[in-house]
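Colleague: Fold the following for me, if possible:
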Amino acid sequence: MTLTKSQFVDAMVEANGFTRKKSSETIEILLELIKFALTSGEDVLISGFGKFCVKEKRGRRGRNPATGEDLRLEPRRVVTFRCSRQLRDKING
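Modeller: So this is what the prediction gives:
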């Protein structure tokens with residue numbers, strides 16, 4: 001099951017008694033702050049949850065699986081996530 005932004009909003013309404021609009025705005029602000037930090041190249045650490053990091057990937061040779069044509073994949077930045085020990089322990093029981 002995928003947890004959607006709408007479900008986050010609903011959970012926040014139930015847990016805190018905030019209005020749906022206030023909950024939605026709060027979650028949007030949080031996500032924008034995370035996106036801003038990541039696009040700036042900064043890591044985002046959420047204690048007890050995990051760490052989002054931006055990693056540089058080198059350019060490399062690739063191949064189009066449909067045609068078999070060789071091509072060059074350009075260097076790029078990707079976001080990785082590493083969960084905290086507390087989260088890992090909770091997931092593994």
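Colleague: Please count neighbours and contacts with C-alpha atoms only from this point.
Modeller: Will do.
Colleague: Can you give me the buried ones in the helix or strand hosting residue 33?
Modeller: Assigned by DSSP states H and E, residue 33 belongs to helix 20-39. Neighbour counts over helix 20-39 (16 or more other C-alpha atoms under 10 Å) mark 20, 23-24, 27, 34, 37-38 as buried.
Colleague: Helices of the chain, start to end?
Modeller: For the chain, the helices defined by DSSP state H occupy 5-16, 20-39, 85-91.
Colleague: circling back: where's the helix holding residue 33 relative to the chain centroid, distance-wise?
Modeller: 12 Å (C-alpha atoms, centre = their mean, to the nearest Å).
Colleague: any idea how far residue 60 is from the closest residue to residue 80 other than its chain neighbours?
Modeller: In space, and not counting its chain neighbours, residue 80 is closest to residue 53: 5.2 Å by C-alpha to C-alpha, 6 or more residues apart in numbering. Distance, residue 53 to residue 60, by C-alpha to C-alpha, to the nearest Å: 21 Å.
Colleague: now swap in residue 27 and tell me
Modeller: 37 Å.
Colleague: Rounded mean pLDDT for the helix holding residue 33, please.
Modeller: Mean per-residue pLDDT for helix 20-39: 94.
Colleague: what packs against it?
Modeller: helix 5-16, strand 44-46, strand 50-57 (3 or more C-alpha pairs under 8 Å, 6 or more residues apart in numbering; DSSP states H and E).
Colleague: any chance of the ones you listed in JSON lines, plus mean neighbour count and mean pLDDT?
Modeller: Below are these laid out as JSON lines (neighbours: other C-alpha atoms under 10 Å; pLDDT from 0 to 100):
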{"stretch": "helix 5-16", "mean neighbour count": "14", "mean pLDDT": "90"}
{"stretch": "strand 44-46", "mean neighbour count": "15", "mean pLDDT": "96"}
{"stretch": "strand 50-57", "mean neighbour count": "16", "mean pLDDT": "95"}
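Colleague: so how far is stretch 64-76 from its chain's centroid?
Modeller: Using C-alpha atoms, centre = their mean, the offset of stretch 64-76 from its chain centre is 26 Å.
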